[in-house]
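Engineer: below are the sequence and a predicted model for it; my questions follow.
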Amino acid sequence: VADNINLMPQDFFAELCEQIIQHLNHKIPGVNTAELCQRIQTSGVEINVSDLAKIATIISFLFSTAARSNLSAEELVTTLSNAVSALPKHAVQVIRHVWNEQGKSISMSEDARNMATVGQFVDIKWKLGVAMSSDTCRSLKYPYVTVMLKVADPSGQITDRSFEMTIPQFKNFFRQFKEMAAVLETV
């Protein structure tokens, strides 16, 4: 991970750290590592999404642990230097700066700690399609619904998940959402 952090330009690493702080403060649902990775690659740096996601997970863990321990910027840097000697100097400077500027704003209430173990819904998209034919059947005319979910995992990594449902499955799905909405109305 330290090697990949070393490859990252300082401004992109700072942006990643700031987005993680915003995520921990519940200001954004997560860190879109795919979009950030694409921008880093466009700048000429070879890094893949899974490596960037690992960095995001580690920095998120670092900041949330520092918040729970109520560390100052200097205490965080000292602890980090003692634990990880291979971390590039520019990364330590960015971590110090971001933590000094924004770290104290992280509210680690009991609710926030409990929420940190569950993913967070970001967005949903859907489309209705009709399978017209296949290699084994000339005339299917089979309707289906495709659902695409964006979810931020506990570390803030935004992932896309998609699935297809038959019309009866979709009707059951919709019925369950109506039941949830009815229960929420009573709260």
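Structural biologist: Alright, I've got the coordinates.
Engineer: quick one, strands of the chain?
Structural biologist: Counting by DSSP state E, one finds strands in the chain at the ranges 120-131, 142-152, 158-166.
Engineer: export these as a markdown table, with columns for mean neighbour count and mean pLDDT.
Structural biologist: In short, each C-beta sits where N, CA and C put it, glycine included. Output for the strands of the chain, formatted as a markdown table (neighbours: other CB atoms under 10 Å; pLDDT from 0 to 100):
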| stretch | mean neighbour count | mean pLDDT |
| --- | --- | --- |
| strand 120-131 | 12 | 86 |
| strand 142-152 | 15 | 88 |
| strand 158-166 | 14 | 88 |
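Engineer: closest to Asn6 out of those strands?
Structural biologist: The closest of these to Asn6 is strand 158-166. By CB to CB, the value is 24.6 Å.
Engineer: give me the angle between that closest one and strand 120-131.
Structural biologist: Per axes from the mean of the first three to the mean of the last three CA atoms, to 10 degrees, the angle that strand 158-166 makes with strand 120-131 is 40 degrees.
Engineer: could I have the CA atoms of strand 158-166 written out in PDB?
Structural biologist: Output of strand 158-166 as PDB, limited to C-alpha atoms (Å, rounded to 0.1, in the frame of the first residue of the first chain):
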ATOM      1  CA  ILE A 158     -18.800   3.300  -3.400                       C
ATOM      2  CA  THR A 159     -19.700   0.200  -5.400                       C
ATOM      3  CA  ASP A 160     -22.300  -0.500  -8.000                       C
ATOM      4  CA  ARG A 161     -24.500  -3.600  -7.800                       C
ATOM      5  CA  SER A 162     -27.100  -4.600 -10.400                       C
ATOM      6  CA  PHE A 163     -29.600  -7.400 -10.700                       C
ATOM      7  CA  GLU A 164     -32.500  -8.400 -12.900                       C
ATOM      8  CA  MET A 165     -36.000  -9.400 -11.800                       C
ATOM      9  CA  THR A 166     -38.900 -10.900 -13.600                       C
END
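Engineer: partner strands of it, parallel or antiparallel?
Structural biologist: Using DSSP bridges, the strands paired with strand 158-166 are strand 142-152 (antiparallel).
Engineer: and the partner strand, C-alpha only, in CSV?
Structural biologist: Output in CSV follows, covering the C-alpha atoms of strand 142-152 (Å, rounded to 0.1, in the frame of the first residue of the first chain):
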residue,chain,number,x,y,z
TYR,A,142,-39.9,-11.7,-22.0
PRO,A,143,-40.1,-8.5,-19.9
TYR,A,144,-37.7,-7.9,-17.0
VAL,A,145,-36.6,-5.0,-14.7
THR,A,146,-32.9,-4.2,-14.2
VAL,A,147,-32.1,-2.5,-10.9
MET,A,148,-28.7,-0.7,-10.4
LEU,A,149,-27.8,0.2,-6.9
LYS,A,150,-24.9,2.5,-5.7
VAL,A,151,-23.9,1.6,-2.1
ALA,A,152,-21.1,3.0,0.1
